[in-house]
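1. Okay, predicted coordinates and the sequence, questions at the end:
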Amino acid sequence: LLNFASQILVLGAGTATAVLVARLLGPAGKGVVSLVMLSAALAVTFGALGVPMYHGCVAGRGEFSRAELRVNAIVYAIAGSVLIGLTAVVAWSTGILAVSAMQLGWVLAAVPAGLAMRNFAGIFQGEGRFAEYNALTLVMWLVILAGTIGLGLGIGGLESVLAAWWVGYVVAAVLGWWMLRGGAFAPPNKALLRASLEFGLAVWCVQLVGEANLRFDTYVAAFVGGAKGAGYYSVAVSISNLLFYLPAAIGTGTLPRMATETAQEAARLTGVGCRISLWSSAALAVVVALLARPLIRFLFGPAFDPAVVPLLLLLPGIVVYALAHVTTSYFYGQAGRPMLNGLVALISLVVGLAASAILAPRYGLAGVATAVSIGRTVAMGVNLWLFTRLSRCPLIDALLPRPGDLAVLLAPLRRLWPEARPA
């Protein structure tokens, strides 16, 4: 419940920032900001080398002190920043990376703080300090929102908005360091450095494929429609991603139980989670589809009307891909087959790219959105086949809603409602 509530707060701050940026800069400016933020997120995932995942696994075991983990986080943030910086400069100077110096500069400026923040978050997750874990992302977006209001309205221009975004990253990184304070200074632990890299690289490729699968379409939209196209498409993506929040919360909540329950109970829980994720996302998709045009006009203005059609075409893929949030927990926690998640993401990416090559040149942003939905639908077909094969859970139990599913969905809210007490 804490994770879901934090996601809702982050959603609110992120949406408010996106609306403000769109109003201040228009479609082309919004597209540039989206591409810079997107590229920074990809760069951080690339430079992290999977180390935050290792922190999340070992921080609560007591094998290493907090001071050692903190130093380890800083060492790998520096190493990742150097790796990203050298790679980006070489790619840009040779013409492989076709971006402006300004865009590249802002991406590289955000990488050190982004890596530090992600490494610190892994430590908090491993220690079970979810309040601090969620606080990093929430504070980052609140600072970005406040900075966008102050700098964007006060000074104006693209640089002001990007500066506010960079400040949010830096503040979150400093906050993470401060919340990890305590303990004597510790030099880098060679055993911890080595173990972090060995473990991290094992999951790094899966993370990169997953990140690319969720981001590639915005780059295709920019290729097809330029900065304006990226701006329109980023609005469609931000609204369609609303459907992911409940499935993500379900996946996060079921992961701990997947590792401890029996095979039969884990399969049953995953089936329930799949049904709830699928049909709640489908219901929300209907609402979003009906309100798409007035919602976009109200939030972003009539200038963003071209985002309506891509939004509608993204919704089917978003609905079916909601299942992945739940089955991911099963593949990780119960089946012990994390590479299957990478396989599913790879299928979605490859099919989506192939479909984009066919549809985008002819249909523009609508073709990109259709290609994404095709790729995700094909991938989810494979995903369900893998899940039912491993779990022996009938396909109908993962897809057909049951009368008791609504009660399961509302149970967390009922626990918040005070019970009536006898007089």
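-> All right, it came through fine. Numbers count the residues shown, from 1 in each chain.

2. okay, CA-based contacts and neighbour counts for the rest of this
-> OK.

3. pLDDT below threshold where in the stretch 101-250 of the chain?
-> 183-184, 245-250 (pLDDT under 70).

4. so where do the helices sit in it?
-> 101-127, 130-147, 153-154, 158-179, 190-240, 245-258 (DSSP state H, counting those that start in this stretch).

5. Which residues does the shortest one contact?
-> Spelled out, it's helix 153-154. Here helix 153-154 makes contact (CA atoms under 8 Å, 6 or more residues apart in numbering) with Leu24.

6. how far does that helix sit from the chain's center?
-> Relative to its chain's centre, helix 153-154 lies at 29 Å (CA atoms, centre = their mean, to the nearest Å).

7. show me the contacts for Ala109.
-> By CA under 8 Å, 6+ apart, Ala109 lies in contact with Trp166.

8. which regions of the stretch 251-400 of the chain sit below the pLDDT cut-off?
-> Looking at the stretch 251-400 of the chain by pLDDT under 70, you get 251-261, 332-336.

9. for it, what spans make up the helices?
-> Under DSSP H, counting those that start in this stretch, the stretch 251-400 of the chain gives helices at 263-300, 308-329, 339-363, 365-391, 395-399.

10. before we move on, the earlier item: let's have the helices of the stretch 101-250 of the chain in CSV, adding distance to Ala41.
-> Listed next are the helices of the stretch 101-250 of the chain as CSV, based on distance: least, CA to CA, whole Å:
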stretch, distance to Ala41
helix 101-127, 8
helix 130-147, 13
helix 153-154, 25
helix 158-179, 11
helix 190-240, 9
helix 245-258, 19
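
11. tell me the most buried of those helices?
-> Each of these was scored by mean neighbour count; the highest is helix 101-127, a mean of 23, by mean count of other CA atoms under 10 Å.

12. what distance separates the start and the end of stretch 150-164?
-> With CA to CA, to the nearest Å applied, stretch 150-164 spans 9 Å between its terminal residues.

13. My error: substitute stretch 148-159 in the last question.
-> Using CA to CA, the two ends of stretch 148-159 sit 10 Å apart.

14. From the chain's centroid, how far away is that stretch?
-> With CA atoms, centre = their mean, you get 26 Å for stretch 148-159.

15. Now stretch 263-270: buried residues?
-> Using 16 or more other CA atoms under 10 Å as the test for burial, stretch 263-270 gives 263, 266-270.

16. cool, and stretch 16-34?
-> Applying 16+ other CA under 10 Å to stretch 16-34 flags 16-34 as buried.

17. Give me the subset of those residues lying in helices.
-> Those of those mapping onto helices are 16-34, per DSSP state H.

18. Now stretch 87-97 - C-alpha only, PDB.
-> Output in PDB follows, covering the C-alpha atoms of stretch 87-97 (Å, rounded to 0.1, in the frame of the first residue of the first chain):
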ATOM      1  CA  THR A  87      31.100   6.200 -24.600                       C
ATOM      2  CA  ALA A  88      28.900   9.200 -25.300                       C
ATOM      3  CA  VAL A  89      31.800  11.500 -26.300                       C
ATOM      4  CA  VAL A  90      33.200   8.900 -28.700                       C
ATOM      5  CA  ALA A  91      29.800   8.200 -30.200                       C
ATOM      6  CA  TRP A  92      29.000  11.900 -30.600                       C
ATOM      7  CA  SER A  93      32.400  12.900 -32.000                       C
ATOM      8  CA  THR A  94      32.200  10.100 -34.600                       C
ATOM      9  CA  GLY A  95      28.700  11.100 -35.600                       C
ATOM     10  CA  ILE A  96      27.100   7.900 -34.400                       C
ATOM     11  CA  LEU A  97      25.200   9.800 -31.800                       C
END
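
19. list the buried ones in it?
-> Buried residues in stretch 87-97 (16+ other CA under 10 Å): 88-89, 92.

20. now, which of these sits nearest Leu138?
-> Ala88 (28.7 Å; CA to CA).

21. Now that closest one: which helix or strand?
-> Taking DSSP states H and E as the criterion, Ala88 maps to helix 66-93.

22. Excluding residues flanking it in the chain, which one is nearest Gln125?
-> Residue nearest to Gln125 in three dimensions, not counting chain neighbours: Gly56, with 5.3 Å by CA to CA, 6 or more residues apart in numbering.

23. Need the per-residue pLDDT for the one you found.
-> pLDDT for Gly56: 79.

24. Contacts for the helix or strand where it lies next, please.
-> Assigned by DSSP H and E, Gly56 falls within helix 51-58. Applying CA under 8 Å, 6+ apart, the contact partners of helix 51-58 are 64, 69, 76, 118-127, 196-197, 199-201.

25. Check the offset of that helix from the chain's centre.
-> The answer for helix 51-58 is 17 Å, by CA atoms, centre = their mean.

26. With only the CA atoms kept, save that helix in PDB.
-> Provided in PDB are the C-alpha atoms of helix 51-58 (Å, rounded to 0.1, in the frame of the first residue of the first chain):
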ATOM      1  CA  VAL A  51      24.800  -2.900  -9.100                       C
ATOM      2  CA  PRO A  52      21.600  -1.500  -7.500                       C
ATOM      3  CA  MET A  53      20.000  -4.900  -7.800                       C
ATOM      4  CA  TYR A  54      22.900  -6.400  -5.900                       C
ATOM      5  CA  HIS A  55      22.500  -3.800  -3.100                       C
ATOM      6  CA  GLY A  56      18.900  -4.700  -2.900                       C
ATOM      7  CA  CYS A  57      19.700  -8.400  -2.400                       C
ATOM      8  CA  VAL A  58      22.600  -8.100   0.200                       C
END
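
27. Pro401 reaches Ile276, doesn't it?
-> Yes: if you go by CA atoms under 8 Å, Pro401 and Ile276 touch, sitting 7.5 Å apart.

28. more neighbours, the two?
-> Ile276 (27 against 17; other CA atoms under 10 Å).

29. residues in contact with Glu159?
-> Glu159 touches nothing, counting by CA under 8 Å, 6+ apart.

30. From Val82, how far off is it?
-> Here Glu159 is placed at a distance of 24 Å from Val82 (CA to CA).
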